[in-house]
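> I would like to see how this sequence folds:
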Amino acid sequence: MKTLPHVVVVGGGISGLAAAWYLTQGPNGPRATVTLLESSERFGGKLALQSFGGLSLDTGAEALLAARPEAVGLCKELGLETVPAATTQASIYSRGRLRAIPRGLLTGVPTDLRKLAASGILSLPGLLRIPLDHVLPRTVLHGDVSVGDYVSTRLGGEVTQRLVEPMLGGVYAGRAETLSLQMTVPALYRAATQRRSAIESAASVLSDGRKTMGPRKGPIFVGLEGGVGTLPGALVSALRDRGVVLNASCDVQQVRSRGHHWDVVAGDGRGRYETHTADAVLFATPAPVTGALLESLNRSAADELLGIEYADVAVVTLGYPAHEARHLRGSGFLVPPVEGRTVKGVTYSSLKWNWVGRQARTHADDGLFILRASVGRAGDPLVAQSSDAELVRFAADDLAEMIGLPRRPAIESVTRWSQGLPQYAVGHRTRVADVREWLLNTPGLAVCGAAYEGVGVAACIGSAQAAVSTVLQQLAERREWAHG
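Model prediction:
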């Protein structure tokens, strides 16, 4: 009977849990025995549920990208049913009021100027600047550039400030002036290397997508009944059924090389340590943590990972008496930094997800209206320096002034993600490629997570799949070499 290799997964967020799952999924049964080590008290990372006035709500991501197969596919394998959003009509708060996001945008780059003009998001001078894109000399891209540099050069600063910034901020908590075009909008980067006009480049990307996929069936984003935070629990249960060892409150202190094996030393925070011997180690931890663990094993890869910066972010969940919010419509709105507000995005959870709305209507006599406000941007000390009460007050004041809600919500909660979102700076794709290249010098080690190819749940799962393929291929090659 063939002995399965032992793989230690470091990190029990969605990336680590997904990696453990795919290590147990083979055509003829498990492909490895797996031990997963998580430093915190719970599994799931930023995917979690909270009790909010007796209701169960997401604290982290609440939607899955259905346009990619990884997250929806994993949910299907686990027997979890995805649900569409009840509404996806979002707005941008610009120039003093909410304005519907027009069709034809690619991460804020417009392709239909009539719809953009009708939205009122931009001023007349901002609109008049855009057509210069068709006559300006071509912007030659010899390598990666920031999204802000490219868009402002082609279309003017107002497009960057009022369209691109809020969309990038909502996903990455970053700033257009520093975020990589090659990483955050790769299809636009490729098109821009072949065309002069940014408008034509964006239009070609949207057109190619329609040609490739045909008429899209179903929503672009989906959720889970009961919240995306139910996904980790389902994974943990399924992994335990497959014999995976899952250890929480288990902080990995060191990884040491021992011949063709690895010793993973982990502590329980009470002075007790245990060494796990593995044939391979898969790191599903934030880049700084992975970098620190790799310093003695692969200094070049470690240095690249330690250079990745992160943004502190927080989610402020607020509940208002339902009658105070009857004037609100749609799924929520984004806020450009130029507006000078604390909140950068707001989701009307009660309207966006039917399962939330049903829960909220049963709360008290009048029911609740629940929304989530996202705060925190790269380089901004606001989240780190403010108390929970201050973050609630800042968010509630913004909402009172922007959309007419009471200044004091009926119920509130703050979830902080310190160093929560990696920043894809200019040159990030090259950095990631270099990390993977350097790791070839230490076969049996692989990395996955939000720091590499994308911050969404689907991207993290895809990253885990790639890391599993890498270590299994390396282990297979080692076995073939050992047996001649």
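> any chance you could map the strands in the stretch 151-300 of the chain?
Assigned by DSSP state E, counting those that start in this stretch, the stretch 151-300 of the chain shows strands spanning 221-224, 245-247, 251-258, 261-267, 273-278, 280-283.
> right, so the ones you listed: which one is the most enclosed?
Per-residue neighbour counts averaged over each of the strands of the stretch 151-300 of the chain give the maximum for strand 280-283, namely a mean of 28 (mean count of other C-beta atoms under 10 Å). The way it works is simple: take the backbone N, C-alpha and C, and place the C-beta from them, glycine included.
> so what strands line up beside that one?
The partner list of strand 280-283 in its sheet, established with DSSP bridges, is strand 6-10 (parallel), strand 445-447 (parallel).
> hang on, Pro30 in a strand?
No. Remark: Pro30 does not belong to a strand; assigned using DSSP: H, G, I helix; E, B strand; the rest coil, it is coil.
> Surely it and Leu239 touch.
No. The pair Pro30 and Leu239 does not pass the contact test of C-beta atoms under 8 Å, sitting 10.7 Å apart.
> who's more crowded, the two?
Set side by side, Pro30 and Leu239 show more neighbours around Leu239, with 21 against 14, by other C-beta atoms under 10 Å.
> Any idea how far apart the tips of stretch 276-284 sit?
With C-alpha to C-alpha, to the nearest Å as the measure, the ends of stretch 276-284 fall 17 Å from one another.
> contacting residues around it?
Outside of stretch 276-284, the residues within contact range by C-beta atoms under 8 Å, 6 or more residues apart in numbering are 5-13, 15-16, 19, 32, 35, 37, 255, 258, 260-264, 266, 289-290, 293-294, 444-449, 464, 467-468, 471, 474-475.
> Which of the strands paired with strand 280-283 sits closest to Arg103?
Ranking the strands paired with strand 280-283 by proximity to Arg103 (C-beta to C-beta) places strand 445-447 first, at 38.0 Å.
> Show me what secondary structure element comes after that closest one.
Beyond strand 445-447 in the direction of the C-terminus, DSSP states H and E gives the next helix or strand as helix 457-482.
> Please name every helix or strand in contact with that next one.
Helices and strands in packing contact with helix 457-482 are listed as helix 14-23, strand 64-65, helix 69-77, strand 280-283, strand 445-447; criterion 3 or more C-beta pairs under 8 Å, 6 or more residues apart in numbering; DSSP states H and E.
> Report the buried residues of the helix or strand of the chain with the lowest mean pLDDT.
Scoring the helices and strands of the chain by mean pLDDT, DSSP states H and E places helix 198-213 at the bottom, with a mean of 84. Going by neighbour count (16 or more other C-beta atoms under 10 Å), the buried part of helix 198-213 is Ala198, Ile199, Glu200, Ser201, Ala202, Ala203, Ser204, Val205, Leu206.
> Please apply the same query to stretch 145-153.
For stretch 145-153, by 16+ other C-beta under 10 Å, it's Val145, Ser146, Val147, Gly148, Asp149, Tyr150, Val151, Ser152.
> tell me how far the ends of stretch 277-285 are from each other?
19 Å.
> any low-confidence regions in the stretch 101-250 of the chain?
Low-confidence regions of the stretch 101-250 of the chain, defined by pLDDT under 70, span residues 210-218.
> switch to 80 and redo it
Per-residue confidence for the stretch 101-250 of the chain (pLDDT under 80) gives these ranges: 209-218.
> so where do the helices sit in it?
For the stretch 101-250 of the chain, helices defined by DSSP state H, counting those that start in this stretch occupy the ranges 113-119, 124-129, 147-155, 157-159, 165-172, 181-184, 186-192, 198-213, 230-241.
> circling back: shared neighbours, Pro30 and Leu239?
Shared contacts of Pro30 and Leu239, counting by C-beta under 8 Å, 6+ apart, come down to Thr24.
> so can I have JSON lines of the helices and strands packed on helix 457-482 showing distance to Val315 and mean pLDDT?
JSON lines is the format used below for the helices and strands packed on helix 457-482 (distance: least, C-beta to C-beta, whole Å; pLDDT from 0 to 100):
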{"stretch": "helix 14-23", "distance to Val315": "16", "mean pLDDT": "98"}
{"stretch": "strand 64-65", "distance to Val315": "17", "mean pLDDT": "94"}
{"stretch": "helix 69-77", "distance to Val315": "19", "mean pLDDT": "96"}
{"stretch": "strand 280-283", "distance to Val315": "26", "mean pLDDT": "98"}
{"stretch": "strand 445-447", "distance to Val315": "27", "mean pLDDT": "97"}
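> With distance to Thr347 added, can I get those in TSV?
Conversion of the helices and strands packed on helix 457-482 to TSV gives the following (distance: least, C-beta to C-beta, whole Å):
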stretch	distance to Thr347
helix 14-23	20
strand 64-65	14
helix 69-77	18
strand 280-283	32
strand 445-447	31
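> And those: which comes nearest Arg361?
Taking these one by one with C-beta to C-beta, strand 64-65 is closest: 24.7 Å.
> Direction included, what does the closest one pair up with?
Strand pairing for strand 64-65, determined by DSSP bridges: strand 221-224 (antiparallel).
> which residues sit against the strand it pairs with?
Everything outside strand 221-224 that qualifies as a contact, by C-beta under 8 Å, 6+ apart, is 62-66, 72, 75, 80-85, 88, 230-231, 353, 355.
> Emit the ChimeraX select command for whichever of those are buried.
The following ChimeraX command selects only the buried members of the contacts of strand 221-224, with burial defined by 16+ other C-beta under 10 Å:
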select :62,63,64,65,66,72,75,80,82,85,230,231,353,355
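> sorry, back to before: so which of the buried residues of helix 198-213 is the closest to Ser249?
Relative to Ser249, the closest of the buried residues of helix 198-213 is Val205; by C-beta to C-beta it sits at 45.5 Å.
> That closest one and Val185, how far apart?
Distance, Val205 to Val185, by C-beta to C-beta, to the nearest Å: 8 Å.
> Ala266 too?
39 Å.
> same question, Val435
As defined by C-beta to C-beta, Val435 lies at a distance of 22 Å from Val185.
> Enumerate the beta-bridge partners assigned to the closest residue to Gly376 other than its chain neighbours.
Computed as C-beta to C-beta, 6 or more residues apart in numbering, the closest residue to Gly376 that is not its neighbour in sequence is Val313, at 3.6 Å. In this structure, Val313 bridges to Trp417 when assessed by DSSP bridges.
> and Val313, what is it in contact with?
Ala173, Ser374, Val375, Gly376, Val383, Arg416, Trp417, Gly420, Leu421.
> In a markdown table: those, plus neighbour count and distance to Val135.
Written out in a markdown table, the entries for the contacts of Val313 read as follows (neighbours: other C-beta atoms under 10 Å; distance: C-beta to C-beta, whole Å):
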| residue | neighbour count | distance to Val135 |
| --- | --- | --- |
| Ala173 | 27 | 35 |
| Ser374 | 21 | 38 |
| Val375 | 26 | 40 |
| Gly376 | 26 | 39 |
| Val383 | 21 | 43 |
| Arg416 | 18 | 48 |
| Trp417 | 19 | 44 |
| Gly420 | 22 | 42 |
| Leu421 | 23 | 38 |
